[in-house]
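>>> Structure for the following, please:
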Amino acid sequence: MPGPSHIGLPLINPLDKTKTGGKSVKTWSTPIRKEECAFVPCTLCNSAAFVPHFTCTDSAAEQHRSFSYVRCIRCGLVQINPQPAAAAVISRYGGGNYLAYEQNNETAFLRLQELALRDAGFFELERDLLSTDPTVLDVGCAAGSQLTMLKGRGWTVRGVEISGPQADYCRKRGLEVSTLPLEENNFPGQCFDAILASHVIEHLNNPKSFVREAARILKPRGRLYITTPNITGLQGRIFGSRWRSAIFDHLYLFSKRTLCILLKSEGFTVEQVKTWGGLGAGTAPLPVKRLFDSLAKPLGFGDVMIVRAVYI
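Numbers count the residues shown, from 1 in each chain. This is a model prediction of the structure:
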């Protein structure tokens, strides 16, 4: 999936200085708009019973439109429902603003991705694979900075990016990138040693189908690395509907529990879960923010999580 668009929801998404050398990086979203929507059963447990979770308002837009999340009463997964059709979701990412946003933040985003992979033990596993010509697929590869980095480390790389301008930019960088959703690429079975999906799964209409396809195309003992917001992190609990990740583009908001249930349901074994990010910039005095930031990872209440899962 592409990075978020250039039009933001500042009331929902406060600025946050993450581990980017002090540079502020904002979570942006497509402006709220009318789309054809339909009720869908819970992707995790197939239940059709939901209760309201919270309603978010785009106060920056002239229309002051809102959208709502519900929570499955059986498994607890939080999602937007009714949901827009897949074609409507894909159409959100067709403009060139995503490419500009990714280019403007390329250094910061790559730094965050590297830190997340380091937390998940990716580079330790890499050492055992580099002698075997390892293959990696980056789903939602954006402008291709992570693929370029991994290519330089000795990986054979492929990418999936449904945003056409970003995919074209990747190709100009010498990368092989498809604009089809993962399930439509018909990759051969058992062809990748690792699949990376950073801030992708929350955008998808059918996360279960995505995880199932990842399992099919991973080699035995291949790893899937998923990075996504953590709704049960401290910020999600404090800010609720004003949480910076409660945005129009995020169809699902996972907790550590619901994401692990999803992975296990498709045959994965979860090896590691790490979180980071305690409090957003400006939400607390700096000493308090630093304290919570330092505790978020060891205590597991961070705003963002990365899950490493193996398919045997």
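
>>> switch to C-alpha atoms for all contacts and neighbour counts from now on
Will do.

>>> top strand in the chain by residue count?
In the chain, assigned by DSSP state E, the strand with the most residues is strand 218-229.

>>> Tell me which residues are up against that one.
Identification of contacts with strand 218-229 by CA atoms under 8 Å, 6 or more residues apart in numbering yields 116-117, 120, 189-202, 214, 245, 253-255, 303-312.

>>> In PyMOL, how would I select just the buried ones from the residues you listed?
PyMOL command restricting the contacts of strand 218-229 to the buried ones, with burial defined by 16 or more other CA atoms under 10 Å:
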select buried, resi 116+117+120+191+192+193+194+195+196+197+198+199+200+201+202+214+245+253+254+255+303+304+305+306+307+308+309+310+311
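
>>> if you look at the contacts of strand 218-229, which of them are in helices?
Among the contacts of strand 218-229, the members falling in helices (DSSP state H) are Ala116, Leu117, Ala214.

>>> thinking again about what came up before, give me the sheet partners of the longest strand of the chain and which way each runs.
Strand 218-229 has the following sheet partners, assigned by DSSP bridges: strand 192-198 (parallel), strand 304-311 (antiparallel).

>>> among those strands, which is nearest Ser66?
strand 304-311 (24.0 Å; CA to CA).

>>> so how far is that closest one from its chain's centroid?
In terms of CA atoms, centre = their mean, to the nearest Å, the gap separating the centre of strand 304-311 from the centre of its chain is 11 Å.

>>> Strands along the stretch 201-312 of the chain, start to end?
Remark: strands assigned in the stretch 201-312 of the chain by DSSP state E, counting those that start in this stretch are 218-229, 252-253, 268-276, 304-311.

>>> Just put those strands in JSON lines and tack on distance to Gly174.
Shown next, in JSON lines, are these (distance: least, CA to CA, whole Å):
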{"stretch": "strand 218-229", "distance to Gly174": "24"}
{"stretch": "strand 252-253", "distance to Gly174": "33"}
{"stretch": "strand 268-276", "distance to Gly174": "32"}
{"stretch": "strand 304-311", "distance to Gly174": "28"}
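
>>> which non-adjacent residue is nearest Gly222?
In space, and not counting its chain neighbours, Gly222 is closest to Asp193: 4.7 Å by CA to CA, 6 or more residues apart in numbering.

>>> Can you give me the pLDDT of the residue of the chain most remote from its centre?
Distance from the C-alpha centroid of the chain peaks at Ser131, with 29.8 Å (CA atoms, centre = their mean). Ser131 is assigned 88 on the pLDDT scale.

>>> isn't Ala197 right up against Gly140?
Yes. Using CA atoms under 8 Å, Ala197 is in contact with Gly140, at 6.4 Å.

>>> Point to the residue nearest the middle of the protein.
The centroid of the chain falls nearest to His199 when counting by CA atoms, centre = their mean (1.4 Å).

>>> Let me see the contact set for it.
Counting by CA under 8 Å, 6+ apart, His199 makes contact with Met1, Gly140, Ile226, Thr227, Thr228, Pro229.

>>> Same question for Arg74.
Applying CA under 8 Å, 6+ apart, the residues near Arg74 are Cys45, Ser47, Ala49.

>>> Please apply the same query to Arg71.
Contacts of Arg71 by CA under 8 Å, 6+ apart are Phe50, Val51, Pro52, His53, Leu77, Val78, Gln79.

>>> and what of Arg158?
Thr135, Val136, Leu137, Asp138, Leu147, Leu175, Glu176, Val177.

>>> ok, Leu262 - how many residues close by?
20 (other CA atoms under 10 Å).

>>> How about it, nearest residue that isn't a chain neighbour?
Nearest to Leu262 is Leu44, by CA to CA, 6+ apart, at 6.1 Å.

>>> repeat for Pro41
Ala48 (4.8 Å).

>>> before we move on, what about Leu130?
Gly154 (6.6 Å).

>>> Could you tell me the per-residue confidence at the one you found?
We note a pLDDT of 96 for Gly154 in this prediction.

>>> Now do the contacts for it.
Gly154 is in contact with Leu130, Asp133, Pro134, counting by CA under 8 Å, 6+ apart.

>>> tell me the SS of it?
Classification of Gly154 by DSSP: H, G, I helix; E, B strand; the rest coil places it in coil.
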